[in-house]
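Novice: Return atomic coordinates for the entry below.
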Amino acid sequence: MELKISPLLLRQRQAMPLNLKIGYSKRRIRGWYEQWNGQVYVAFSGGKDSTVLLHLVRSMYPKVPAMFVDTGLEYPEIRTFVRETSNVTILRPKKTFREVIEHHGYPVISKSVACTLRKLQSKNTSDRYRNKLMYGDERGKFGILPMKYRYLIDAPFKISDRCCEVMKKRPAHAYIIKTGRKQIIGTMAADSNWRMQEYLKYGCSLTHIKEPRIAPLSFWLEDDIWEYINKFNLKYCPIYDTGVHRTGCVFCCFGVHLEEEPNRFQLLKRTHPKLYKYCMEKLGIDKVLDFIGVNYR
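Specialist: Numbering: from 1, shown residues only. Below is the predicted model of the structure:
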């Protein structure tokens, strides 16, 4: 496990040409594969990043399986693409998205903010802990709810970060317990500040956690993904040819407030009007977006 990578080193790795990145990533994959005696799998989402990852892994170890969690929130093109990919185990969560938002709340702003809001909205949170989440404690103000999001405490709907836990992590956990395989994931440091901080602290691999994983594309950029796809003439999900840039859960609101228009929901209205109508009218996403000031029309 690499420890405490400097921001400068990350930038240097991100600036490397693709052929060097491929070589470095392959060395990380080989080390992981050998460390676990081949008992590994690729977490496959059907998106472009995990498509590149799966091709890279199988260029070395063709029999490594992939696992996809069909949450029911994916674009239909993604689900079709996954079914057309060989050696992929498809799992499903025990709860629907509708059940999750009714029981836990909507995923808005970010995972960390939604987590804090979930605790602040809960009647079971003590006053002392509530004050800590709002103002900090003797150890400082790290992790407190930013002032600009405090209006969401009194939102007319519940907010939570539990969606990924219930719909993705639990099925994946069951797969890991059943197979004993260790994860290879396709996340990159450039995806978010949280992932960048994780890479700076631990590098590509996390072996100290309960379910070890490696992200051998951590230092890649989106341009590298498309360059790799073009270099190897890789088949990818056609959803990207419609103007869609992110292929995660269709109804997720994390980060939408930061997107330029047309945002993900405006694109959804154009590309998948039936899904758009369902999420607005049946799931109540419209009231959430209205409350946080995001245009979805």
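Novice: residue ranges of the helices in the stretch 101-250 of the chain, please?
Specialist: Per DSSP state H, counting those that start in this stretch, the stretch 101-250 of the chain carries helices over the ranges 111-121, 127-135, 163-164, 170-179, 193-202, 222-231.
Novice: quick one: buried residues of the longest one?
Specialist: Neighbour counts over helix 111-121 (16 or more other CB atoms under 10 Å) mark K111, V113, A114, C115, T116, L117, R118, K119, L120, Q121 as buried. In short, each C-beta sits where N, CA and C put it, glycine included.
Novice: Check which helices and strands it sits against.
Specialist: On a contact count with 3 or more CB pairs under 8 Å, 6 or more residues apart in numbering; DSSP states H and E, helix 111-121 meets strand 108-109, helix 127-135.
Novice: and those as a markdown table, adding mean neighbour count and mean pLDDT?
Specialist: Formatted as a markdown table, the helices and strands packed on helix 111-121 follow (neighbours: other CB atoms under 10 Å; pLDDT from 0 to 100):
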| stretch | mean neighbour count | mean pLDDT |
| --- | --- | --- |
| strand 108-109 | 24 | 96 |
| helix 127-135 | 13 | 89 |
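Novice: right, so of those, which gets closest to Y276?
Specialist: Proximity to Y276 (CB to CB) singles out strand 108-109 among those, at 18.0 Å.
Novice: The closest one pairs with which strands, and in what direction?
Specialist: strand 253-254 (parallel) (DSSP bridges).
Novice: List the neighbours of the partner strand that are in contact with it.
Specialist: Residues outside strand 253-254 that contact it (CB atoms under 8 Å, 6 or more residues apart in numbering) are Y106, P107, V108, I109, S110, K111, A114, I285, V288, L289, I292, V294.
Novice: so how far is it from its chain's centroid?
Specialist: Distance of strand 253-254 from the chain centroid (CA atoms, centre = their mean, to the nearest Å) equals 11 Å.
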